Structures are given as C-alpha cells and as structure tokens.
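A.B. asks: what follows is a predicted structure for the sequence shown.
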There are 2 protein chains.
Amino acid sequence: MNLTRLHQLTQHKQFLQSNVGIEREALRIYNDKTLSNKPHPVIFGDKKKHPYITTDFAESQLEMITPAFQDSQHVYNFLSNVYNIIENELEDEYIWPQSMPCMLNGKERILPQSINKHEQSYYSYRLHLLKKYGMKQQLISGIHYNFSFQDSLIQVLWKEDQQGCTYQEFKDQIYLKITKNYLKYRWFITYLFGCSNVIHESYEKQCIDRLTKLTHDTYSNEGAISYRNSICGYRNKKELYPDYTSLTSYINSIKSFIKNKDINHAKEFYSPIRIKGKDKEEVLKSLHTHGIQYVEFRNIDINPFDPCGISLQDLQFLHVFQFYLLCKDEVFHDNWQQEAYNNQDLIANYGLNDIVLKKDNQDIRKVDWALEILDDMCILVKELGLYDSSLIQPYIEKIKDIRKTYAYRMKKEIQKQGYLSFHFHLSKEYKQYAKDKQFYYIGCEDMELSTQHLMKEAIKKGLSIDILDRKENFISISNGSKKEYVKQATKTSLDSYVTVLIMENKMITKKILKEHQIKVPKGKEYTSMEEVLIDASSMIQQPCVIKPKSTNFGTGITIFSKGATREELIDAFTLAFTYDNTVLFEQFIIGKEYRFLVINEEVVAVLHRVPANVVGDGIHTIAQLIEKKNTSPLRGKGYKTPLEKIEIDETMLLYLKHQNMTLQDVPNLDQIVYLRDNSNISTGGDSVDDTDKIPTKFNEIAIQASKAVKASICGVDMIIHDVQDENSDYAIIELNFNPAIHIHAFPYQGKQRNIGEKVLRALELIS
Amino acid sequence: MNLTRLHQLTQHKQFLQSNVGIEREALRIYNDKTLSNKPHPVIFGDKKKHPYITTDFAESQLEMITPAFQDSQHVYNFLSNVYNIIENELEDEYIWPQSMPCMLNGKERILPQSINKHEQSYYSYRLHLLKKYGMKQQLISGIHYNFSFQDSLIQVLWKEDQQGCTYQEFKDQIYLKITKNYLKYRWFITYLFGCSNVIHESYEKQCIDRLTKLTHDTYSNEGAISYRNSICGYRNKKELYPDYTSLTSYINSIKSFIKNKDINHAKEFYSPIRIKGKDKEEVLKSLHTHGIQYVEFRNIDINPFDPCGISLQDLQFLHVFQFYLLCKDEVFHDNWQQEAYNNQDLIANYGLNDIVLKKDNQDIRKVDWALEILDDMCILVKELGLYDSSLIQPYIEKIKDIRKTYAYRMKKEIQKQGYLSFHFHLSKEYKQYAKDKQFYYIGCEDMELSTQHLMKEAIKKGLSIDILDRKENFISISNGSKKEYVKQATKTSLDSYVTVLIMENKMITKKILKEHQIKVPKGKEYTSMEEVLIDASSMIQQPCVIKPKSTNFGTGITIFSKGATREELIDAFTLAFTYDNTVLFEQFIIGKEYRFLVINEEVVAVLHRVPANVVGDGIHTIAQLIEKKNTSPLRGKGYKTPLEKIEIDETMLLYLKHQNMTLQDVPNLDQIVYLRDNSNISTGGDSVDDTDKIPTKFNEIAIQASKAVKASICGVDMIIHDVQDENSDYAIIELNFNPAIHIHAFPYQGKQRNIGEKVLRALELIS
C-alpha cells in the first residue's frame, strides 16, 4: 500500500476513524498491599453480563472494557470513567497499578468463591488453566487493544485493489497483513510500552531464580523491560506459529495445535496479536463463516504512570501505528515468526541495553530500526493529517534516551521508594483522583452535573449511552433493545407532558394541590402593576414572597420574611414582572425549606439547604474559615460542582455587620456564623441530606402532592415549621418537574443518595 | 329583611353571586314549519345522560340545560354555546323560537319512536301525562330559571337572625319566603317576560274558541300577553294551593294532593315556582331529609327576539329580582294564593290593557304596582352595587309603554309578516348566526381557536370544562370522576414529556426518523456564523431551508427553493440565529407540503396549504376578487379566525409583476392567480382538506413517524413530490407536538374534520 495513494483515498477524515476498544486488567488489593480475596463487587451485578466491568482470570482481577470508539480521546475518557466508578465503589480496596502482581502471600483464592450450576463448565475450564499455567501467572494484568478499520476505508481499498477477490477475502487479507506486520514489529511496541521489569520476591520462584536482587524484596536484570512479555509471563507452554497465508490456513493451524494438545481451545492461543471474529466463544467457526472482524494487540503492559493503565498519547500513537502496519509492505521469509519471537524476547529481557536485533535475517541495531519506523510514522502523521505532527517526537526521545521509557522510570522509582510503597502510593493517588472526580463523567464535564451523575450510574450498571444533544443534555440510555430518552436527567418518558405543564404553572399546581387537601401558601396572581397598586395597602408588613409565575430557577423572586413596605413591595413586583407577565404574591410560611425528591411514589431523598456559613474553631478568622471551606472539591464556580464557593461581597459584610461582626472576627469553637440570609446553593449555601430524619407524615404529603399532579419524578419544595414535630405546620411552595439529582448524590453533609440508580430503575432500564 | 342591613352584610361581592342555571325548551321543526318527527339527534348520545342537551315532554322538544354559574354572562354564554352547537348539528331542521307551538298537522309523534326496557316505566308515565293533558299542551316550551343564594350569604343572614332555629330550618324559611313572594309577584314577571299571546289555528280547539282571529291563521285577544300562563297553557287540571308555612306543611300539602288524585306524583305539581331538593326523582323524601336546595321559576316565556330564548339583560334583571324577593317582607292573608292566581290570570290574558289588580285585598293599578316594585329594585341595584344603575330603566319603560313589551312587539310582527314567516325568519337568522359563530366558544373568543373547538366538542358530548388558565389555554375536561388536563388543545397526558422534547429538537427528531428508515431532508446543524462561513461555499445555489433549531411557528425560517447566493445564505443564517443558538441547514425537497394529523396511530386528517390566491370570474379585477374572498367569516386578522385575510402589500405586487400582472387585471373564468410564494395561512393562504385523497402509503409513513417518537398526538409535516403517485419521493420535514386542530375542523375547502371529538376519545373522556 502506497502511503500517498492512501492519502489520496482518505480525503474524508472519517475513513481514518478506526474503531478502538480497550480491555484493561487490574488486581484489587487490600491496603496491606496483598491481593484482595473479596468477591467481585456485587454493585456491578452479574460479571458475565456487565459489558464494561467484569473479571478475567482471577476473581480479584478486574477487567475494564470499553466499547469501540472512533476517537482516542473517547476511548480514554470511557476507560477513565470505568476506572473512577470502580474506585469509588471499592471501600477498603485499591487497584494495583502494574502488570506484574502485588505481594502474594499464599492466601490468594483466584477462583470464584461461589458458582452456580450454569457456571460449572466455565469453572472447570478455569480450573484447568489454573493447573496448567499456575496461579501467579494468571494474576498478570495487561492492556488489550482491539481495533478495526472503517468498513468504508476497506471498501475504498478493495475497489482500488482490482485483484478480483471478494470483499470479505480482501478484508481478511488486510487484517492478516496487519497481524503479520504486528508480530514482526511487536518488539517495538514492547520497547515503548513495556513496564514490567521489576518482580516482587513473592512471585514464581523459577522466574526469580533467573534474576538478580534489585531491592530487598524485588528482582530484575540489567536492561529488562517487560517480564510479562518474557518467559516469566503468561504464555503458551510452547511457542506456536500459525500459518498466516490465508484465513483458512490460519484456522487449520489452530485446529492442528488443538489436535496436538498444545492448547485445548482456540481461546487458549495466547498470541501477542489475536485475530477476532464475530463470536467470542465459537472462535474458528465464526472466523470461517463471517471472516475477520478486528484484531487485538495483547502485549501492551499496564502503564503505572496513568490511572487508566494506558495514556491518551499512547492511544493516539497506536492509532497511527495501525496505518503504519497497513502501509508497510513486507517480505516474510520462512522463519520470520521465530525471528520476530527472538527480537521480542531480547527486547523484553534486555531492551534497555544497546542491543542488536535481526531484520530479515540481517543484524540491525534496535535504535536504528526503531528510528526508521518512527521516521515513517512521522511522514504518515503529516501525510494523513491524523494528529499534530509533534505526536511522534516523544517516542523518538524514548528511543534515543532509555531514561524516558516507562520501564526505566518505574525501576528507578522502585529503587527509590521500594516496590510496594511505589505502587501503593500510586494506588492511593488514583483513588483520591477518582474521589475528587466523583461528580464528573469524564469527557462530559461541560454537561449538567445531574446528567453526568446519571450517565455514570448507567455505565456502572452496564447500560449504553448515546449523547444526542450535548448542549441540551439530551441523551439516550439503552439496555439491549430497550432504549429510553432522557433530557437533563429527569425529563423522561415517565411523566406526561401535561403533568409537566401543570407543574410549570404555579397557580394551577396550587389549585390542584388544594383540591387534594394539601396545604399551599395563600396567594393571588397579578397581571399588571395597576392591579398590584389596588391591593398594595393590604400587602404591607406581612411575611410574603413575590415571584414570577413560570420561572423555575429562583430568578426574579423576592422574599420578605418579615414583611415589607409599600415601596419594597412595588420594587419586588417590578423585578418579577421583568421575568413573566404574571406575578404571584404569596404568604410566606416561617420554617425551613426541604426539597423532597419523589420518584414513582417513593421519597428517595430529602435535602435541606442551609445559608452560607462557617463553623468557628476559636483560632481562624471568618475570612480564613471561608477560604478554607472553599477549598473543598465540592465547591466551584458556575455550577460545575455540586456546591458553589462562598464569595465575599457587600451583602455579606452588611449581613455580618447586622450581627456586629466583621470578616476579621474569630468565632468560638463550634460557633456557627451565618453569612447570608438566603439558603441558595448559588450564593455558597450548604446542602444537608435529611432523608432519614424526616417524619413519615411529611414524606406522605410529598408523595400525595406528586400523585395529585400524576408526576413520576417530582421535586417537592416544602416549608416545615418544625421538622421534629409531626403536627407542625407546613406548606408546599412549589413542585419541580426537572429536579436536580446531583444535589442528593453529593450533599455537603449527610449520606450520598444514588438517585441515578433510582431514575434508571424507574425507567425500567435496570431491575 | 332590611335592605341597608343586607348591604352592610354583603360588603363582599361574592355573597351576591347567586348560582343560576337555565333550562330552555325548544321545538325542532322542518323547513315547512311543521314539527320534526326525527328522533333526538344521535350525535348528542343518550338523552337520559347528557347534562346539557336532552328532550322534555316531546321527542322533538329539545331541552337545553346550563350548569349553575355565578355570573349572568356565563349562564348566557353557555346557553348560546349549547344553542349554536345544536343548530350546527341540525342539518335540515330549525329551532322554533316561541313558547307556543309551530304549525301542527296531526302527524306529530311526540313519544320516543323506540324505547328500551329500562325506559318502560318512564314511557308509561309520559303516556299517562299525554293522555291527561293532551299532546298540543305538551309541546309548549318555556324557560326554567333555577337559582340558589350563596351558602355564605345564608350563613351570614342566619347568624344575624338569632331566632334559635337550625341553619337548615333558616335556609328553608328563606326559600319559602322567596317562593311565596314570587307567587305573589309572578304577574309582574309575566308582564315583562310574557311572549305567547298569538296562537296558530292548528293549536287546541278549546283554546282557539275563546279567542278572536288575528291574522288568517292566528288567534289572540286584545291585551293578551301569555297564553302559556293562561288556561290555554300546560298546567294542573285544578289550581292547587299548598301550605307554605313550613317545609313540613308544604310536603304534607303535596302528599294530600297526591292522595286526592289531583296529581300522581310530586313532579306533576306544575307550580309557577318550584321548591327543589337534592334528588329530582324522590322529591318529597329528599326535601324532608336535606331541606330546600334551590328554587325554580317556571313561568318565563321564550323570548323570540333572542336566540337563547332569554336575554342577558333579563338574566341580570332576574338576579336583582332574587334580592327584591329576599328583602320584601310581606303579610300573607288567608286567600293570598287565590289573589295571586287571579292577578296572574288577568296579566296573562289582558296584561297589555290598563287593568286593576288586587294587592292584599285592595285594588291597585297594574302600572302603579309595577312602578312601585321597580323603584324598590332601582334602590336595590344602587345599594348593593350589583349592576350599572341603568339596568332597571328599560323595564320601567316597558311598564309605561306597552309597545316596548315582547308580547306587543311579537304580535305586531306577526300581523306584519304572518305567524309562520315571522318565526321561521328568526329560526333561519339564528341558524345563520350559529353557523357564523361555529369557530367560537362564546365567551372564550380570546382563547385559541383549537381550544375553543375542543371545548365546544366537550360540551356537545356532555362533558364539563374548567378553564384553569385562560391566557395559557389551559383547561380541564371531566366526565364524572375522570378528569383530563389539556393545554392548547393538544398538549395532554397522552404524550410523555420526553416525546415532546424529542419533537422540539429537530436534529434528534431527524436522527430517530432516520433510524426508523423514514426519509428526512439531508442537513447539518450550525452553532455559530464561523462554522457557517467555513461551509458556505458548498451551500450556494442548492435548494435549501435555513431554520432555527427549536422555533415552532415558522419564525426565522428562510426557504430558498431555487438555491441562494452566499450573501442571501448569510442573511438567512443571521436571521435564524436571532431565534436560536443553533440553526439547521437543510436540503429543500421540491413538492407540496401536507400536514398529517396523527392521533393514536391513526391519520385523522390531512391538510394541504395553498398560497394566497384568487379564482377569476372573467368580470372582476384581482383587487375586487381579493376583497370578495376576504368577506368570508373564515377570514379575519390576528388568528382569531381559521384563515387570515389576504393583505395587499409590496411583496404581492412584486409577485404579480413577475407574472406580468397587476391588481387591476381581470383574470379569466376559473383562472387561478397565485398572489404569494409561500403557503402560510398567516399571509392569506388557503387550507384544503385532502384526507380522503392521500394514498395509504403516505398515511402509513406519517403513522410510522409518530410511532418512532412514541407520539400520541403528532402533526407530521411531509413534502410529497407528487401525491398522486404512491412511489413519489417524500421527506418528513418536521414533527409537531402541539398541532393546531381547528385548521382541520374548519378548512377553506374540503370536509370539516371533527378533531376535537378524536382528542376527547383519545383521552378516553368519551367512548
């Protein structure tokens, strides 16, 4: 394949958007750095069915799987999300950040601790592998990189080819070429991506015995890069070289390996690159029937320097490398597979040294060959315009300077920090990172927090998501053939349009609630200032709220909790009329405001909002306490976090002045200083989960209110005079048809409520 | 009761808002002015169940019933709507506008022509009455005026009373007082409202024999006002005088009448005012148990000068009269009922003469007594501030000048036009009026036409309506305990919120339609002018539409059916961006645009819009043809009618110029001259119902489109290249979640489609 020709054929950039999916294995460990013996977390459901979070060879070896994406960034983001989701669900466990195992103490149980009938044959197969390859090898983790070209690209190439073969035959040939080239160049990938060159003393004795002591509990050898890709790794007992001439010859080779008892099953052929068909179980049959669908690179080590185990840059590099493999026309001499194996073995064991490899039976210095490949890749990047042309430069540097490689860096760090400390430090760092990012669905941080929360829950439950309109927070969520559309997390198919319109109209809502014997504040509607002026004298000096009829976000609302003068009332009405032609004048109920979130006639969360405040420690000033409180990852600016930073302004200074305080005052220990009158989150208020504290009676009222308007998802705003007292006065001041859910998921105080899960269940996407 | 005290007690105007409901009887006639023998129209369903439209004594005697309203205007409007609904359903029948019957030819069959088992006892009772009172009397029609005071008013009066009786006893006494006073003053009402002083020769012989010939086919006598209230009317065989001292004495009187076989049933007591309990069948038992609920004035004649049979002014006058009866403290001497009867009889037979009545055994001139009453009512109006003080003046004039009375006016008109012509002329006039008003729900002309249409259909089907938010066209419709909320006629509980949101988002709609293999125009979304400028060169000179993403009313849309220059495109995008942050650029499909209205997977109507045009007659100029076309009641200004008037403007002149025409040209006979490019109704376009012309295939596509987004009510806008051809190219350009329904109900050409009924059926409010 001529690069220039490829370039000509791929004017449309979408031709170059390969489908890429990643599988990343990782061990769960305890905080004593030993392997966890806990079963796979139940929160992720049936591991046989979860498409993203499952197990691999060992019960405590997580496997994180991404769907195929056409963009490296999307793959990386998805993997980040899966990683973060897992981390936030693991309570006292961590994720081991390297390919080679953690400290093994002989107490490991890697088979599932309970199995059901249906899993019997799978269990037997696993037991067979365990006996054959050994437990410690089976704990090795790696990255599997699956990809396929766009069918449209292969179509173009096929039409160009004119060799008279069928489309599927041509496609098979393309992937067989990729496979052979990859086998030949895999040493290069191991050099760049390898990072398993230090082994803990608790690993297999026969491996340790071949190495020299590095630190008090680790072993290695000079120049090593990847023991996972060496004889110490998990591999077939014997090197197997299938015939890659055609798909048929390949299938026949595998069949003969099985016949010779080298392997029991096509799946047991642990090649550095695997040819993949449609069916993962009936491998050969499927390949025979439908041909090759994609290929899988299997020799990429976990990169401990990235929480995902593989960096975004490396994913982009591999994307370019696909096309390098596609363009490279090679001659394959008789023993090319043996040569490729030897090159790989040399790199795995001594790759950091200045070694000489064999290329087509000729000696070639590792550095020369690698730079040759990278030069070609540089041209490719430029010609195809795939990425910024600087993409290749760091890889050239890794070739020229071994200190830039992952393997070298890891070894140095282990020498400095010790094997267990180095890894565990990273484990903790990544867990903290996941915790700090718990509000976010990585890659969608521009979307609403409620939608991000819902998407994350969907992924946690193994559902698939499609973002239909990013700006509108409009997504679809599917479970198999069942698809639900969701806008802004709580606008769903569950509520009828008219129910929403009722809730949107405060006057009609009140009328209906009243009809259902539910208390609402007394009030009246005004459509002009003339009407207001007629009634104004009767409104003076009584606690009241003045609000536009249809706004939903607190805008244009004025609260006079102690009543107001005629002038203040007129100002408030004037403001409200700028938002709506109709303005409500309402009795103000004295009490605390609670948001009841009702989903399908169940109160799933109750939140209380508290005005911006600081709690004294007897040492720091109010200004210092504010600064400290603002450092919480919960607080940000512009609604990108569950809470907003407390901002110091004139209103606050005035409010403090009324309490005879200034920012420089030092409050006593545990003294609560309120900084504002209003409890809005937007002005730095706190949110407190009170779900478990609310008397049943008020929950029932909230449910009755949602039923009155036939709402499935409903935010009920209730003022309760004294929440301790069942018989306390109350009033419902508003029903919300699009209640935020992240506020309950990430309160300032109190229990986190997983509302996303409730929404998914209400939508019958999960059971 | 002291008026001043009543005034003091009723500072709150709502105390004075009595509940008033009207029953109006009316005969259906053929256009030969004889009684219709057709059964009660099936469109109104079971006459036993319809609350507003039923029959009375005769099958062809309609009874129109209003619910109780607190405002005379509302009662009058409701009665108008019921009248108009009936008129528009009667194809070759008319409504007789007088109390005394039309021409009777002996072929009348007044009992139902078919009855079912359950109606057997009712049928027997009717047969009994028919034999006892005679068919011709049973055809007399009238107005029954039912009213009750506000309970809050009676409560206030009760507290004031301090007589120690229970509330119900007090309430009974109030209504017994009203009853007695009304009996005493009923002559006054007959004088003012009586209008049955001319009788057709085909009426009862024994009545005719008492009278003198007026015209060739009518009889009367000098000074007569109301034969309906005379011996010629429908009344008990014997005058019956119950004891009104207490409710118990009243009940006992009725029981003794029954015992004496004067009447068979309490219902058969045809008093000019009836005391009413809760139950209409078990009359006495219900009165005994729950007391008096309201009273019914029964001696008011049909006013032929008003389509409703009673004028708004008269309703307001009767409202004031209620309080006159309440305030008037009378002494009732022993034979007061006989005296009242005599007064009434004198007025009915000779009331237009200067006669002398008896008041408490004393002679009094009719005029003097009447002016005495009206003086008191003038004071009442002023004191209570019930209406404008000029309300009473026209009634004073009717007393002073008999030529102002209905009776005098009718007699004169009959003398001029003849009995049958006079009445039939009015029948036709009122039918035409109903036809002209067919788009409107009287009293709600400010609301959207679609909502008015739906409300009218609801009333036609006997449902009840509540207007929740007039400006928002937000109503509820109930059938018994089943209540549905509806905004803007098609925003209902049938569609889920997310279905609406999908339809609101043109891009997502297109995506989903594409997924369902439904054709949509190719297109792309732009969020900034920068993006537009990048692609602009590829957009030039191709038929296209540029439209804001979320607007729904054609605003901001530009169509380039023949393509556009770069500058035109940029202008169009600039315009569209003023309506939405996202603008769609779409392929323009050449063809005609059809609106398919899909309700519950059924195409209920298809409308084609035609640009403003006139059809030549070889005589008139284009300008004259436009003027003529604009006179249609379908056309108005500002969307208050189904179509808009064609306005002459620069664009039209230019468009004509392109066709080498001016407004002064005279088009040939049947030559269609198009006046504009666009087919919008807003610029004078026509709407043509094509429901029966559309090939099934396109209906199926429209249904599939609605199913794709799971819509129950969906306006599907489809461009079809050639509607004659099943295999013609098409594309769906938009789905509307709030389709107008009046456009199908009142098209310019083609069949009217009763979509309101379809919506009510979809909502399961009717079966």
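C.D. replies: Arrived safely, thanks for sending.

A.B. asks: residue in the stretch 101-250 of chain A nearest to chain B?
C.D. replies: Nearest residue of the stretch 101-250 of chain A to chain B: A:Ser152, at 17.5 Å (CB to the nearest CB). (Glycine included, C-beta is placed from N, CA and C.)

A.B. asks: my read: that residue touches A:Leu16, true?
C.D. replies: No - using CB atoms under 8 Å as the test, A:Ser152 is too far from A:Leu16 to be in contact (10.2 Å).

A.B. asks: who has more neighbours, the two?
C.D. replies: A:Leu16 (20 against 13; other CB atoms under 10 Å in any protein chain shown).

A.B. asks: wait, the more buried one touches A:Val381, no?
C.D. replies: No - contact between A:Leu16 and A:Val381 fails when scored by CB under 8 Å: they sit 11.1 Å apart.

A.B. asks: for A:Ser390, helix, strand, or coil?
C.D. replies: helix (DSSP: H, G, I helix; E, B strand; the rest coil).

A.B. asks: what's the burial count for it?
C.D. replies: 9.

A.B. asks: who's in contact with it?
C.D. replies: Residues near A:Ser390 by CB atoms under 8 Å, 6 or more residues apart in numbering or on different chains: none.

A.B. asks: all helices of the stretch 151-300 of chain A, in order?
C.D. replies: A:151-161, A:167-193, A:205-208, A:247-259, A:283-290 (DSSP state H, counting those that start in this stretch).

A.B. asks: the last one vs helix A:247-259, what angle?
C.D. replies: Taking axes from the mean of the first three to the mean of the last three CA atoms, to 10 degrees, one finds helix A:283-290 and helix A:247-259 inclined to each other by 160 degrees.

A.B. asks: so which bits of stretch A:89-96 are buried?
C.D. replies: Residues of stretch A:89-96 classed as buried: A:90, A:93-96 (neighbour count, 16 or more other CB atoms under 10 Å in any protein chain shown).

A.B. asks: within reach of chain B, which of these are there?
C.D. replies: With CB under 8 Å from any CB of the partner chain as the criterion, these include none near chain B.

A.B. asks: farthest-separated two in those?
C.D. replies: When CB to CB is used, the two most widely separated members of those are A:Leu90 and A:Trp96, lying 11.7 Å apart.

A.B. asks: which neighbours do these two have in common?
C.D. replies: Contacts common to A:Leu90 and A:Trp96, judged by CB under 8 Å, 6+ apart, are A:Arg28.

A.B. asks: near chain B, which residues of chain A are found?
C.D. replies: With CB under 8 Å from any CB as the criterion, chain A meets chain B at residues A:468-469, A:471-472, A:474, A:484-487, A:491-502, A:505, A:507-508, A:511, A:527, A:581-582, A:710, A:737.

A.B. asks: just the buried residues of the residues you listed.
C.D. replies: Neighbour counting by 16+ other CB under 10 Å classes A:468-469, A:472, A:474, A:484-487, A:491-502, A:505, A:507-508, A:511, A:582, A:737 among those as buried.

A.B. asks: just the buried residues of stretch A:89-96: which are in strands?
C.D. replies: The strands, defined by DSSP state E, take in A:93-95 from the buried residues of stretch A:89-96.

A.B. asks: returning to that earlier point: in TSV: the buried residues of stretch A:89-96, plus pLDDT and distance to A:Glu531.
C.D. replies: What follows is the buried residues of stretch A:89-96, written out as TSV (pLDDT from 0 to 100; distance: CB to CB, whole Å):
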residue	pLDDT	distance to A:Glu531
A:Leu90	95	61
A:Glu93	96	65
A:Tyr94	97	65
A:Ile95	97	65
A:Trp96	97	70
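
A.B. asks: let me know the secondary structure of the closest residue to A:Ile619 other than its chain neighbours.
C.D. replies: Closest residue to A:Ile619 apart from its sequence neighbours, by CB to CB, 6 or more residues apart in numbering or on different chains: A:Val666 at 6.8 Å. Following three-state DSSP, A:Val666 is assigned to coil.

A.B. asks: from B:Thr212, how far off is the closest residue to A:Ser253 other than its chain neighbours?
C.D. replies: Spatially, and ignoring its direct neighbours in sequence, A:Ser253 is nearest to A:Pro242 (3.4 Å; CB to CB, 6+ apart). Distance from A:Pro242 to B:Thr212, counting by CB to CB, to the nearest Å: 124 Å.

A.B. asks: looking at the two, which is more packed in?
C.D. replies: Set A:Pro242 next to B:Thr212 and count neighbours by other CB under 10 Å: A:Pro242 wins out with 19 against 9.

A.B. asks: what's the more buried one sitting at in phi/psi?
C.D. replies: When quoted as degrees, to the nearest 10, the phi and psi of A:Pro242 stand at phi -70, psi 170.

A.B. asks: got the contact list for it?
C.D. replies: A:249-250, A:253-254, A:257, A:269, A:271.

A.B. asks: going by distance to B:Ile741, which of these wins?
C.D. replies: A:Tyr250 (65.4 Å).

A.B. asks: residue contacts, the closest one?
C.D. replies: Per CB under 8 Å, 6+ apart, neighbours of A:Tyr250: A:176, A:242-244, A:275, A:287.

A.B. asks: let's go with 10 Å and repeat that
C.D. replies: A:Tyr250 sits next to A:172, A:176, A:179, A:242-244, A:275, A:284, A:287, A:292 when contact means CB atoms under 10 Å, 6 or more residues apart in numbering or on different chains.

A.B. asks: which parts of the stretch 501-650 of chain A are strands?
C.D. replies: If DSSP state E, counting those that start in this stretch is used as the criterion, the strands of the stretch 501-650 of chain A fall at A:523-526, A:544-548, A:558-560, A:583-587, A:592-599, A:602-610, A:613-615, A:635-636, A:643-644.

A.B. asks: one step back: joint contacts of A:Leu16 and A:Val381?
C.D. replies: With CB under 10 Å, 6+ apart, A:Leu16 and A:Val381 have common neighbours A:319-320, A:323.

A.B. asks: between those, which is closest to chain B?
C.D. replies: A:His319 (25.1 Å).

A.B. asks: what's the burial count for the nearest residue to A:Glu296 once chain neighbours are set aside?
C.D. replies: Using CB to CB, 6+ apart and skipping residues adjacent in sequence, the residue nearest A:Glu296 is A:Arg274, 4.3 Å away. Look at A:Arg274: counted by other CB under 10 Å, it has 18 neighbours.

A.B. asks: so A:Arg274 makes contact with A:Glu268?
C.D. replies: No - taking contacts as CB atoms under 10 Å, A:Arg274 lies outside contact range of A:Glu268: 11.3 Å.

A.B. asks: among the buried ones among the residues of chain A next to chain B, which ones are in helices?
C.D. replies: Mapping these onto helices (DSSP state H) picks out A:497-502, A:507-508, A:511.

A.B. asks: quick one: pLDDT of the residue nearest to A:Glu296?
C.D. replies: Listed pLDDT for A:Arg274 reads 95.

A.B. asks: look up how far A:His118 lies from it.
C.D. replies: From A:Arg274 over to A:His118 the distance is 26 Å, taken as CB to CB.

A.B. asks: equivalent analysis for A:Arg228, please.
C.D. replies: Counting by CB to CB, the gap from A:Arg228 to A:His118 is 32 Å.
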